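Undergrad: give me a model of this one.
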Amino acid sequence: MMRRREVLVLLGGAMTVAPALYAQQKAMPVIGFLHFASPGLFALYLVAFRQGLSETGWVEGNNVAIEYRWAEGRYDRLPALAADLVDRKVDAIVAFGPPAARAAKNATSAIPIVFATADPVGEGLVDNLARPGGNLTGLSVLTVELMAKRLELLSELVPQATVIALLVNPNNPDTEPMIHDVQEAARSKGVQLPILKAGSESEIDAAFASLVQLQAGGLVVGTDPFFVSRREQLTALAARHAVPTTYELREFAAAGGLISYGTSLIAIIRQLGIYAGKVLRGAKPADLPVPQPTTFELVVNLNTAKALDLTIPPSILARADEVIE
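TA: Take a look at the predicted model:
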């Protein structure tokens, strides 16, 4: 039979252990992950993010928790989602894309923010790439800057085209500089550049329907997280309307797109995980330089070219990093 004193000792031990366990649970750092799109279409990229975290010693559910906030394709939801993460006192915020990064920056000047965005200095996120300053650091993706190159590639692919359309998302704050860059490239190539705008699935359908009236010989799909989330729809419509189309990411070409040129999104998000892990280890965002990509992927889908009755010029094939057959 257990004596009264032994019972009291055991109870006392339980009272000391329970708060300790609670403290350990509370001590597990929490990352707030803020993204424009929906989780289903970005499952592959989340694997890359978790891989980056693991390379700095963090495993989700083991020694770090992640609070995901998805805007489900609506930029206007991002400020409230960012504010919610701040209210929950997360230890760091990972923000993917310019609108998410700006929403996070506006929500807090204290919580470390790690972003992936196109032009961190121009967007007012950091003072400079080498010494970011403040509570933000991350990766410069260089997406908008490559838009002109994508039009040049498409013009090389379909040199007979006198009209090449540009599809943009009017809800994206970076749309205007994107249009300006591609217009400059179009003028230098001597092609007309009608601007098509789509911020929803139905508007994408309508934009492709208008290509026939425009007599467009090609289409450049603008850089936008929403378009990435709708890559299956975009590549299917390009095939249905038989319009040669160029995109920003390999994932579009893998989904049946004709040609893509840009950075590796998987590599970027993996690096995002590494940076988030470093911040959790105590690195100050102000001291972590913002790297820019130095390599870009040119991917050509020969199956799609054949379906469009196009011959890929040897000059493009020679430069291709990957040819999908």
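
Undergrad: burial measure for the closest residue to Thr56 other than its chain neighbours, as a count.
TA: Closest residue to Thr56 apart from its sequence neighbours, by C-beta to C-beta, 6 or more residues apart in numbering: Gly277 at 2.8 Å. No exception for glycine: its C-beta is placed from N, CA and C like everyone else's. By other C-beta atoms under 10 Å, the residues close to Gly277 number 22.

Undergrad: now Gly277, what's its secondary structure?
TA: helix (DSSP: H, G, I helix; E, B strand; the rest coil).

Undergrad: give the contact list for it.
TA: The neighbourhood of Gly277, defined by C-beta atoms under 8 Å, 6 or more residues apart in numbering, consists of Gly52, Leu53, Glu55, Thr56, Gly57, Trp58.

Undergrad: with Asp224 instead?
TA: Taking C-beta under 8 Å, 6+ apart, we find Asp224 in contact with Val168, Asn169, Asn172.

Undergrad: count of neighbours near Gln213?
TA: Residues near Gln213, counting by other C-beta under 10 Å, number 8.

Undergrad: part of a helix, is it?
TA: Yes. Under three-state DSSP, Gln213 sits within a helix.

Undergrad: so how far is Pro177 from it?
TA: For Gln213, the distance to Pro177 (C-beta to C-beta, to the nearest Å) stands at 27 Å.

Undergrad: before we move on, what about Gly32?
TA: 28 Å.

Undergrad: now swap in Pro132 and tell me
TA: Distance of Pro132 to Pro177, given as C-beta to C-beta: 21 Å.

Undergrad: more crowded one of the two?
TA: Pro132 (24 against 15).

Undergrad: I'd assumed Lys284 was in contact with that one.
TA: No. Between Pro132 and Lys284 there is no contact under C-beta atoms under 8 Å: 9.4 Å.

Undergrad: list the contacts for the closest residue to Leu78 other than its chain neighbours?
TA: In space, and not counting its chain neighbours, Leu78 is closest to Ala103: 3.9 Å by C-beta to C-beta, 6+ apart. Contact analysis of Ala103 by C-beta under 8 Å, 6+ apart lists Leu34, Leu78, Pro79, Leu81, Ala82, Ala95.

Undergrad: distance to Thr108, secondary structure and neighbour count added to these, as JSON lines?
TA: As requested, these are exported to JSON lines (distance: C-beta to C-beta, whole Å; DSSP: H, G, I helix; E, B strand; the rest coil; neighbours: other C-beta atoms under 10 Å):
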{"residue": "Leu34", "distance to Thr108": "11", "secondary structure": "strand", "neighbour count": "29"}
{"residue": "Leu78", "distance to Thr108": "13", "secondary structure": "helix", "neighbour count": "24"}
{"residue": "Pro79", "distance to Thr108": "12", "secondary structure": "helix", "neighbour count": "17"}
{"residue": "Leu81", "distance to Thr108": "13", "secondary structure": "helix", "neighbour count": "22"}
{"residue": "Ala82", "distance to Thr108": "8", "secondary structure": "helix", "neighbour count": "27"}
{"residue": "Ala95", "distance to Thr108": "11", "secondary structure": "strand", "neighbour count": "31"}
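
Undergrad: of those residues, which pair is most distant in space?
TA: Using C-beta to C-beta, the contacts of Ala103 span at most 11.7 Å, a distance reached by Pro79 and Ala95.

Undergrad: and whichever strand or helix holds Gln271, which residues are buried?
TA: Assessed by DSSP states H and E, Gln271 sits inside helix 265-280. By 16 or more other C-beta atoms under 10 Å, the buried positions in helix 265-280 come out as 265-266, 268-280.

Undergrad: now, of the contacts of Gly277, which are buried?
TA: Gly52, Leu53, Thr56, Trp58.

Undergrad: nearest to Ile259, out of those residues: which one, please.
TA: Gly52 (28.2 Å).

Undergrad: state the distance from the closest one to Ala186.
TA: Gly52 sits 37 Å away from Ala186, going by C-beta to C-beta.
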